[in-house]
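Participant: Build me a structure from this.
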Amino acid sequence: MSDTTTPNLTLYFAPRTRSFAALWLLEELGEPYQLESFDFATGRHKHADYLAMHPMGKVPLVVDGATPVPEIGAMAIYLADRYDAAGLAPALTDAARAAYLRWMFFASAIMEPAYAQKLFEWEVSPSTVAWGSFEQMMEVLVDGLAKGPWLLGETFSAADVAVGNNLVFGQMIGLIPQDGPIGDYLARLKARAAFQRAEAIELREGERFPVAAE
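Facilitator: Numbers count the residues shown, from 1 in each chain. Below is the predicted model:
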């Protein structure tokens, strides 16, 4: 939700990248933010000042005042706690906090390598890797949604953004089904006003910068 005043939050963003997760998160957060959108062809993400904030030279990057916060999971946890009026994270004393953190890390530590295993046809024993297998990841996710409509039951959280964004990407590349419990979950996520606002911004910025991301 951009604003005409100078906001405290800045999102460095490139269309058709993982940036969408941070964009969606900020729209859910409801705080004013500045969007620093750029084309990967410019190499903006490899400039010295950017690398000082995000040494990996990737997007997204959120800067909160003078504090840079790279990595999607870190920014989701940080922003949901810091701007807690949005109700995107259980409090530290809330019993649901453990499940929230579990799903937050599930997105990056389990889902992403499981996707890679499936896409690149890695032959690995499930007992030797933290993510088990793509099939096990999917089973655990379906079980986690059984109490629905969200990962924490009736409460939507930033964990739904982290996991949901991976699922949106998974549908785009044909790994995630359009129907069933996960398809229904994605339909609920995509119906959210914040998701639709982020999607409109992504489309607009994609038209501005048509060069595909590296």
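
Participant: Okay, buried residues for stretch 54-68 please.
Facilitator: 54, 58-64, 68 (16 or more other Cβ atoms under 10 Å). (C-beta placed from N, C-alpha, C; glycine too.)

Participant: Please enumerate the helices of the protein.
Facilitator: 19-29, 48-53, 72-82, 97-106, 112-120, 134-144, 158-172, 180-190, 193-208 (DSSP state H).

Participant: would you list the ones you listed in JSON lines and tack on distance to Leu9, mean neighbour count and mean pLDDT?
Facilitator: Shown next, in JSON lines, are the helices of the chain (distance: least, Cβ to Cβ, whole Å; neighbours: other Cβ atoms under 10 Å; pLDDT from 0 to 100):
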{"stretch": "helix 19-29", "distance to Leu9": "7", "mean neighbour count": "26", "mean pLDDT": "97"}
{"stretch": "helix 48-53", "distance to Leu9": "14", "mean neighbour count": "12", "mean pLDDT": "94"}
{"stretch": "helix 72-82", "distance to Leu9": "8", "mean neighbour count": "20", "mean pLDDT": "97"}
{"stretch": "helix 97-106", "distance to Leu9": "19", "mean neighbour count": "18", "mean pLDDT": "98"}
{"stretch": "helix 112-120", "distance to Leu9": "25", "mean neighbour count": "17", "mean pLDDT": "94"}
{"stretch": "helix 134-144", "distance to Leu9": "30", "mean neighbour count": "16", "mean pLDDT": "96"}
{"stretch": "helix 158-172", "distance to Leu9": "15", "mean neighbour count": "22", "mean pLDDT": "97"}
{"stretch": "helix 180-190", "distance to Leu9": "22", "mean neighbour count": "16", "mean pLDDT": "96"}
{"stretch": "helix 193-208", "distance to Leu9": "14", "mean neighbour count": "16", "mean pLDDT": "95"}
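
Participant: Can you say which of the ones you listed is nearest to Thr6?
Facilitator: Thr6 lies closest to helix 19-29 among the helices of the chain, at 15.7 Å (Cβ to Cβ).

Participant: so what secondary structure elements neighbour the closest one?
Facilitator: strand 9-13, helix 72-82, helix 158-172, helix 193-208 (3 or more Cβ pairs under 8 Å, 6 or more residues apart in numbering; DSSP states H and E).

Participant: Could you chop the protein up by domain?
Facilitator: Listed by automatic domain parsing, the domain ranges of the chain are 9-87+195-208, 97-192.

Participant: wait, which of the buried residues of stretch 54-68 is closest to Asp84?
Facilitator: Using Cβ to Cβ, the buried residues of stretch 54-68 come closest to Asp84 at Asp64, 13.6 Å.

Participant: what's that closest one in contact with, if anything?
Facilitator: By Cβ atoms under 8 Å, 6 or more residues apart in numbering, Asp64 lies in contact with 8-9, 78-79, 82.

Participant: for Phe38, same thing?
Facilitator: Phe38 makes contact with 12-14, 44-45, 209, according to Cβ under 8 Å, 6+ apart.

Participant: repeat for Arg18
Facilitator: By Cβ under 8 Å, 6+ apart, the contact list for Arg18 reads 58-60, 72, 165.
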